[in-house]
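[1] coordinates only, no sequence provided:
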């Protein structure tokens, strides 16, 4: 009958039947139908697709409950894909060309040195209690995670890159991206900053590695490797952060941001003017555009205040 809801349901059925790169991932198969049905309900399910205008899309995207620019762009892309599919099938003559406003980069969240150390200390003490109580074996504890968090906060690398490091990749400099399929700009070397040299000395110590069940068997830096180890690392960080900083919403990925802010505000350990540091930070973080790195300049006033 030419209703928006009918086109939406036909499109959803079509996408769910597709396999391979043209189909939906498991997450998208849940998220996209919700977005499209919500949009159909918003404009009126009996509305003809040809009658949907840019103002309808704009009003939908800028509802009070949708507060993120990135969420708006995601929703818009799903609506566009549905209408453009309908256009190709002859269901509608309405090909969506509406563009949302460019996302405004949010000021990155970061942790101070003391906050990072407090989170690590909480995790260490919890592990020691579990070992003493017999809940965890000493050679199979999650004590290694505190070292992982310290490395993330002192090198600027991402969790997935960290979990791909091997023992031979971290001396005398850290070689990022050697053991993973990554873009060229993600393969780089990073000097040791902040706590990284001390952490690496511990993790590469023969006695330490021989006393850990997984480090003793494998040449991965932490003995653990892959997405499952990364999820555990993230879950434990979330738990420790909530216990230590219940009112501060930060994630494991914000440790990279914490390093970036430290790098731009540390005057005693690093040399060079701010412009030079900014370009070096861009290289360390693996950014392809300087504008991406410049967002950290907005954090400097707050970081200086918290020192």
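    Done, it's in. Since we're looking at a predicted model, the values are computed, not measured.
[2] got any ranges where the protein has weak pLDDT?
    1, 100-106, 179-186, 267-272, 305-307 (pLDDT under 70).
[3] 80 instead?
    Residue ranges of the chain with pLDDT under 80: 1-2, 55, 62, 64-69, 98-106, 177-186, 267-274, 304-307.
[4] where do the helices sit along it?
    4-17, 26-43, 54-61, 69-88, 113-133, 144-155, 159-162, 196-203, 206-210, 227-244, 254-265, 274-285, 290-294, 300-306 (DSSP state H).
[5] what's the most buried one of those?
    helix 144-155 (a mean of 24; mean count of other Cβ atoms under 10 Å). C-beta: built from backbone N, CA, C; applies to glycine.
[6] elements contacting it?
    Packed against helix 144-155, as judged by 3 or more Cβ pairs under 8 Å, 6 or more residues apart in numbering; DSSP states H and E, are the following elements: helix 113-133, helix 159-162, helix 196-203, helix 227-244, helix 254-265.
[7] reformat the helices of the chain into a markdown table and put distance to residue 173 next to each item.
    Listed next are these as a markdown table, based on distance: least, Cβ to Cβ, whole Å:
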| stretch | distance to residue 173 |
| --- | --- |
| helix 4-17 | 46 |
| helix 26-43 | 37 |
| helix 54-61 | 46 |
| helix 69-88 | 34 |
| helix 113-133 | 22 |
| helix 144-155 | 10 |
| helix 159-162 | 14 |
| helix 196-203 | 10 |
| helix 206-210 | 20 |
| helix 227-244 | 23 |
| helix 254-265 | 16 |
| helix 274-285 | 11 |
| helix 290-294 | 20 |
| helix 300-306 | 26 |
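[8] nearest to residue 107, of the ones you listed?
    helix 300-306 (8.1 Å; Cβ to Cβ).
[9] need the contact partners of the closest one.
    110, 112, 261, 262, 264, 265 (Cβ atoms under 8 Å, 6 or more residues apart in numbering).
[10] which stretch among the helices of the chain comes nearest residue 168?
    helix 196-203 (11.7 Å).
[11] what angle separates that closest one from helix 254-265?
    140 degrees (axes from the mean of the first three to the mean of the last three Cα atoms, to 10 degrees).
[12] which secondary structure elements does helix 196-203 sit against?
    Partner elements for helix 196-203 (3+ Cβ pairs under 8 Å, 6+ apart): helix 144-155.
[13] change it to 10 Å
    helix 144-155, helix 206-210 (3 or more Cβ pairs under 10 Å, 6 or more residues apart in numbering; DSSP states H and E).
[14] list the contacts of residue 76.
    Neighbouring residues of residue 76 by Cβ atoms under 10 Å, 6 or more residues apart in numbering: 35, 39, 57, 58, 60, 61, 96, 98, 99, 100.
[15] quick one, phi/psi of the residue nearest to residue 58 when sequence neighbours are not counted?
    In space, and not counting its chain neighbours, residue 58 is closest to residue 98: 7.1 Å by Cβ to Cβ, 6 or more residues apart in numbering. Note on residue 98: backbone dihedrals following degrees, to the nearest 10 are phi -60, psi 140.
[16] surely residue 98 meets residue 72?
    No - using Cβ atoms under 10 Å, residue 98 is not in contact with residue 72; the gap is 11.1 Å.
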